[in-house]
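*Asks:* Sequence isn't available, so here's the structure alone:
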């Protein structure tokens, strides 16, 4: 089969097409014919070595497709079922393995491209807005990088819960995308904390959803109301350096959390509930999945280059 094989950590150039053997599903596993694989910043972290993984390996953890084979003991899925998972082993490939208890069914009314594009980021938006800081109607929140795949979904889910959404984006074109997704006010990054204070009458926002990291961290804290929550769910712009927790006290008894999806879908019933909600919203049209670009598998390096260079909007997909 065709697959991306990483033999050493490095830049996008290490994403090279190879022809490894088709994996065999073991006990409790399913083999998926990959229709589309999601490109996510966590793939960049693994590729560069920021998250350690021993090469050689095939990257990618999010995919949708059909079940090609099931391993011993798997009863929930059968060959031909439409499925998706955000815990795939080697999604950048024509076929990939996933543990059956990490696989979810895809409704007939949801295309497999949308299923791949929506799952990881949709469930992340779900837990951030419903569990990490459960938005209450009337809250004002700040969403960073609101024109990216994650930001667009966060904006839509926050609006659905009754929030006023302030959003940052790096260009006027990206600000327009965020506006189209429902953001009430959009702005650039320069001086965003002062702008947030101005817009909230000096009070600040209830929560900041920040996947950027170091470049926005201080401003995010400065944008919060007393007892506000900074949900630092990623570090696309670089890791936040160590800081004095007293900063949280001085800012108004603030809360800071560094959540990750795995801890919010660890139980299978929670995984199924979040995935079902996301796909129901996609099927009904309540959640619009914006696929910014589709790449051939051989273009995985270009996809990473575009993602890291902030040249993208919406979700990026690899199509094996």
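*Replies:* Structure's in. What do you need? The shown structure was predicted, so the numbers you read here are calculated from the model rather than taken from an experiment.
*Asks:* Do you have the helices of this protein handy? List them.
*Replies:* Secondary structure of the chain (DSSP state H): helices at 41-48, 112-127, 149-160, 172-180, 192-199, 217-222, 246-250, 268-284, 300-308.
*Asks:* and for the longest one, what are the contacting residues?
*Replies:* Helix 268-284 is contacted from outside by 84, 101-102, 104, 106-107, 109-110, 114-115, 118-119, 122-123, 126-127, 160, 264-265, 287, 289, using Cβ atoms under 8 Å, 6 or more residues apart in numbering. Backbone N, C-alpha and C define where each C-beta goes, glycine included.
*Asks:* Likewise for the first one?
*Replies:* Applying Cβ under 8 Å, 6+ apart, the contact partners of helix 41-48 are 6, 9-12, 14-15, 50-51, 53, 59-61, 92, 211, 234, 236, 304, 307-308.
*Asks:* follow-up on the earlier one: check the contacts of helix 268-284 for burial and list the buried ones.
*Replies:* 84, 102, 104, 106, 110, 114-115, 118-119, 122-123, 126-127, 264-265, 287, 289 (16 or more other Cβ atoms under 10 Å).
*Asks:* about what we covered before: take the helices of the chain and write them to a markdown table, including mean pLDDT.
*Replies:* Converted to a markdown table, the helices of the chain look like this (pLDDT from 0 to 100):
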| stretch | mean pLDDT |
| --- | --- |
| helix 41-48 | 93 |
| helix 112-127 | 97 |
| helix 149-160 | 96 |
| helix 172-180 | 96 |
| helix 192-199 | 98 |
| helix 217-222 | 98 |
| helix 246-250 | 96 |
| helix 268-284 | 97 |
| helix 300-308 | 96 |
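*Asks:* State which strand of this protein is the longest.
*Replies:* Assignment by DSSP state E gives strand 29-39 as the longest strand of the chain.
*Asks:* gap between residue 314 and residue 201?
*Replies:* 33 Å (Cβ to Cβ, to the nearest Å).
*Asks:* More neighbours: those two, which one.
*Replies:* Neighbours were counted for residue 314 and for residue 201 using other Cβ atoms under 10 Å; residue 314 has more, 22 against 7.
*Asks:* OK, contacts around the more buried one?
*Replies:* Per Cβ under 8 Å, 6+ apart, neighbours of residue 314: 117, 147, 148, 149, 152, 177, 289, 290, 291, 292, 293.
*Asks:* Tabulate the residues you listed in a markdown table, adding columns for distance to residue 281.
*Replies:* As requested, those are exported to a markdown table (distance: Cβ to Cβ, whole Å):
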| residue | distance to residue 281 |
| --- | --- |
| 117 | 13 |
| 147 | 19 |
| 148 | 18 |
| 149 | 15 |
| 152 | 13 |
| 177 | 19 |
| 289 | 9 |
| 290 | 14 |
| 291 | 16 |
| 292 | 19 |
| 293 | 23 |
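*Asks:* Could I have the buried ones of those as ChimeraX selection syntax?
*Replies:* Selecting only the buried entries of those in ChimeraX, with 16+ other Cβ under 10 Å as the criterion:
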select :117,147,148,149,152,177,289,290,291,292,293
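*Asks:* which residues does residue 89 bridge with?
*Replies:* residue 97 (DSSP bridges).
*Asks:* who's in contact with it?
*Replies:* Residue 89 neighbours (Cβ under 8 Å, 6+ apart): 23, 58, 61, 96, 97, 98.
*Asks:* and the gap between it and residue 231?
*Replies:* The value you get for residue 89 to residue 231, if Cβ to Cβ is used, is 28 Å.
*Asks:* and residue 234, how far is that from residue 260?
*Replies:* 9 Å.
*Asks:* The two - which one has more neighbours?
*Replies:* residue 234 (22 against 12).
*Asks:* what's the more buried one in contact with, if anything?
*Replies:* 41, 150, 210, 211, 212, 213.
*Asks:* Quick check on it: phi, psi?
*Replies:* The phi and psi values for residue 234, taken as degrees, to the nearest 10, are phi -170, psi 180.
*Asks:* what does residue 19 give?
*Replies:* Dihedral angles (degrees, to the nearest 10) for residue 19: phi -130, psi 70.
*Asks:* same deal with residue 162?
*Replies:* Residue torsions, per degrees, to the nearest 10, at residue 162 are phi 90, psi 20.
*Asks:* Quick check: the gap between the nearest residue to residue 213 once chain neighbours are set aside and residue 220.
*Replies:* Nearest residue to residue 213 in three dimensions, chain neighbours excluded: residue 235, at 3.2 Å (Cβ to Cβ, 6 or more residues apart in numbering). Here the criterion is Cβ to Cβ. By it, residue 235 lies 12 Å from residue 220.
*Asks:* Then residue 161?
*Replies:* 20 Å.
*Asks:* More neighbours: the two, which one.
*Replies:* A direct count of neighbours by other Cβ under 10 Å for residue 161 and residue 220 places residue 220 higher, at 29 against 16.
*Asks:* which residues touch that one?
*Replies:* For residue 220, counting by Cβ under 8 Å, 6+ apart, the contacting residues are 142, 144, 193, 208, 210, 230, 232.
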